[in-house]
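Colleague: Quick one, structure for this:
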Amino acid sequence: MNVSEIPRPERARQAPPVDVPVLTWWASIYPHAFVAPNPFYRLPLPGAFGEGAWSFAPVDHPDGIDDPDEVHEAFEARAKASAHTLSWPEARARAAPEAPPELSDRAAWLLAIQGHAPARGPELLALQHRLEAWMQAERWFLPTDGRLPPAGEPAIGRFLEALGAHEVLAISEFDEVSTSIPVSALRPGAPALRLTRRLPDGREQGRPVDRLHLPDPGVLLAWGFDCAEALIGMTDAALSRARPDAFFEARPLGPDAFCDVFNPPDFLRPAR
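Modeller: Numbers count the residues shown, from 1 in each chain. Model prediction:
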């Protein structure tokens, strides 16, 4: 792919494809790139304190609602309002401190997007079981996959506010919906962020947020399919105002990094 043939405005609001290095895709736009894993999180049970005061399943928070979609929305709202979050290194330190960081990242990523991966070897599978046992014991949820995580919205909102933003462009997958929203919509008291797409028959369909774009001073946060993390592109001006690692887990990416950060080449091909 010849990146120079793709219009700069298009690349500025799109995550790179899998076959182009991140910083090559964003060349002349975002000289700084980060990967920001969606956090592990857990929720306090209403009125409960101390040991055992954490929920572990959405059905723990039905709020008297019978409709499954509404239960899910209520759960997301509570995750945004009151979740305690944990970074991937902190999760590894609690679940398997001796595990190699790269293997731990891969185990968490695969659990979030796919589940168990027995074909990838016994070491990784054993680590996945240890992560699950730790989450079950301490009532942590896996990172949200494929979208802006409700539990992470408040931290992302604080990051955007530190950049001086009052509004941000929210974009759904495939650019079905794009609309400017106030950064205050990311604060804990607001509903979990979803976009609305109007179907040809007039019905409305909720769509998750795939990207957040701030043209000035120049920032893109992009989630996507088969991910439990955001890619972040930033201009020099943006980075001088606020570093993402001051607000949430964010790791810098080098010139050879591709968008599938936790997926080494050929990793998901069938084992021979």
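Colleague: my guess is residue 82 meets residue 44, correct?
Modeller: Yes. Judged on CB atoms under 8 Å, residue 82 makes contact with residue 44 at a distance of 5.7 Å. Any C-beta I mention is one placed from the backbone N, CA and C, and that applies to glycine too.
Colleague: Which residue ranges of the stretch 51-200 of the chain form strands?
Modeller: Applying DSSP state E, counting those that start in this stretch to the stretch 51-200 of the chain gives strands spanning 54-55, 84-86, 167-172, 178-182, 195-198.
Colleague: If you average the pLDDT over the last one, what comes out?
Modeller: To tie it back to what came earlier, the one meant is strand 195-198. Mean pLDDT, strand 195-198: 87.
Colleague: tell me which residues in it are buried?
Modeller: Under the neighbour-count criterion of 16 or more other CB atoms under 10 Å, strand 195-198 has residue 195 buried.
Colleague: Alpha carbons of that strand, as PDB, please.
Modeller: Output of strand 195-198 as PDB, limited to C-alpha atoms (Å, rounded to 0.1, in the frame of the first residue of the first chain):
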ATOM      1  CA  LEU A 195     -23.900   6.600  18.900                       C
ATOM      2  CA  THR A 196     -27.300   6.300  17.200                       C
ATOM      3  CA  ARG A 197     -27.700   5.200  13.600                       C
ATOM      4  CA  ARG A 198     -31.000   5.600  11.800                       C
END
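Colleague: Tell me which strands the very next helix or strand once past that strand pairs with, and in which orientation.
Modeller: Sequence-wise, the next helix or strand downstream of strand 195-198 (DSSP states H and E) is strand 204-207. Strand pairing for strand 204-207, determined by DSSP bridges: strand 195-198 (antiparallel).
Colleague: Would you mind pulling the contact partners of the partner strand?
Modeller: Applying CB atoms under 8 Å, 6 or more residues apart in numbering, the contact partners of strand 195-198 are 170, 172, 176, 177, 179, 204, 205, 206, 207, 208, 209.
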